[in-house]
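Peer 1: The following comprises the amino acid sequence and a computationally predicted model.
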Amino acid sequence: MKNPYDILGVSKTATDAEIKKAYHKAVLKYHPDKNQGDKAAEEKFKEVNNAFDTLKDPQKRAAYDRFGDSAFGGSTGGARGNPFGGGGGFEFNFGGDGGIDMSEMMEEMLRSAGFGGGRSRRSGSPAQMRGRDLLHQVVIDLKTAFTGKTETVKFQTNTHCEKCAGHGTSDGKPAPACTRCNGSGYVHQRQGFFTTEAPCPDCHGAGRKIKDSCKDCDSGVINKTREIDVKIPAGVMDGARLRLAGMGEAAPFGGISGDLYIDIRIRPDKTFDRDGSDLYTRATIPFATLALGGEIEIDTIDDKKLGVKIPAGTQVGERMKLRGQGMPIGGRAGVRGDLYMEINTEVPRRLSEKEKKALSEFAGIKPKSRGIF
């Protein structure tokens, strides 16, 4: 299976509206009616529909984000069949019954562009609203990024009311569809060649009519503080974004909750610099050890002492590579990057007479005599 995000030309953090907009654009471009006899366009059209089938479903999308192709057993992402016949159950047309018509497509495109609410609409059924995606930032240090941890994030948001199961009704059951808009939440008015769309005046765009409301909430949601445990993986990169599907803001009337995104930021470390899975550090080594050779101890990212042999004649500025002492790679147990140690030395500011004499002899400089001439 090809990457569905690449097929639709969207990023992995794209919203449902952005995915839907990209899908409609691609469908209009590769539809068989516009590319009769073009086998390449026909194949592209199949790919676009398979990609959208995966990304439009929150569970399928979350599974693909986590497991890739293996989430579907190497299949085509759970596509509902061949849109060109041969026993497939997928339907798509520009008119008639059973498919998506041009007017509905244009309406969805307008909504995805911001001219409408965040809802999933199906003809003849009540509109299903979707809660907003939420973004939370977690700041950790480099050692925490090395080990990973479970972070508890706390935030204020709308959640589904427990008493009415999020439906906003006194009996806890879904409210019936609004009869005026047929559950879509919108009414249409034709003006010449154009059709305008506005929220339904009877249900105010909700798509449902509640007769007896729940006494504990407003339309099935209540605002409260939530605490969620987020598992930060070992080796996480600075700027990584974690997606928790369905953990965002709750939607009214039992709608679909949005997603929660966690942005990871890593504080600079005093000892180590990071480049991908590799670490860089500096070691100050006595001049005699550099000249004669020896062994030193350095601190590693996992708070251990590591003995390092220094070859005789090591130069200041040289960089030594210590394999497997960097950051974890891809969550694989025991697999780590490397640690690079840059050699430095310290020139003493004060020397004893004995030390001065020894250095002078080493440099081949004889002390000046103090004769009478």
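Peer 2: Okay, I see it. Numbers count the residues shown, from 1 in each chain.

Peer 1: any idea how far residue 212 is from residue 201?
Peer 2: In this view, residue 201 and residue 212 are 21 Å apart by C-beta to C-beta, to the nearest Å. Every residue, glycine included, has its C-beta placed from N, CA and C.

Peer 1: Buried residues, stretch 183-191. List them.
Peer 2: 183-187 (16 or more other C-beta atoms under 10 Å).

Peer 1: which among those gets closest to residue 142?
Peer 2: residue 185 (48.7 Å; C-beta to C-beta).

Peer 1: can you give me phi and psi for that closest one?
Peer 2: Phi and psi for residue 185, reported as degrees, to the nearest 10, are phi 90, psi 0.

Peer 1: Where does residue 290 sit, in terms of helix or strand?
Peer 2: Element membership of residue 290 [criterion: DSSP states H and E] is helix 287-292.

Peer 1: Residues touching that helix, excluding its own?
Peer 2: With contact meaning C-beta atoms under 8 Å, 6 or more residues apart in numbering, helix 287-292 is reached by 294, 296, 310, 312-316, 343, 345, 347.

Peer 1: could you give the mean pLDDT of the following helix or strand past that helix?
Peer 2: On the C-terminal side of helix 287-292, the closest following helix or strand by DSSP H and E is strand 294-299. Across strand 294-299, pLDDT averages out at 94.

Peer 1: Show residues contacting the helix or strand that comes right after strand 294-299.
Peer 2: As assigned by DSSP H and E, the chain's next helix or strand after strand 294-299 is strand 305-310. Here strand 305-310 makes contact (C-beta under 8 Å, 6+ apart) with 283, 285, 289-290, 293-300, 320, 322, 325, 341.

Peer 1: follow-up on the earlier one: can I get the buried residues of stretch 183-191 in TSV including secondary structure, pLDDT and distance to residue 149?
Peer 2: Formatted as TSV, the buried residues of stretch 183-191 follow (DSSP: H, G, I helix; E, B strand; the rest coil; pLDDT from 0 to 100; distance: C-beta to C-beta, whole Å):
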residue	secondary structure	pLDDT	distance to residue 149
183	coil	83	45
184	coil	83	46
185	coil	82	43
186	strand	84	46
187	strand	87	51
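
Peer 1: Let me know the closest of these to residue 39.
Peer 2: Nearest member of the buried residues of stretch 183-191 to residue 39, counting by C-beta to C-beta, is residue 184, at 37.4 Å.
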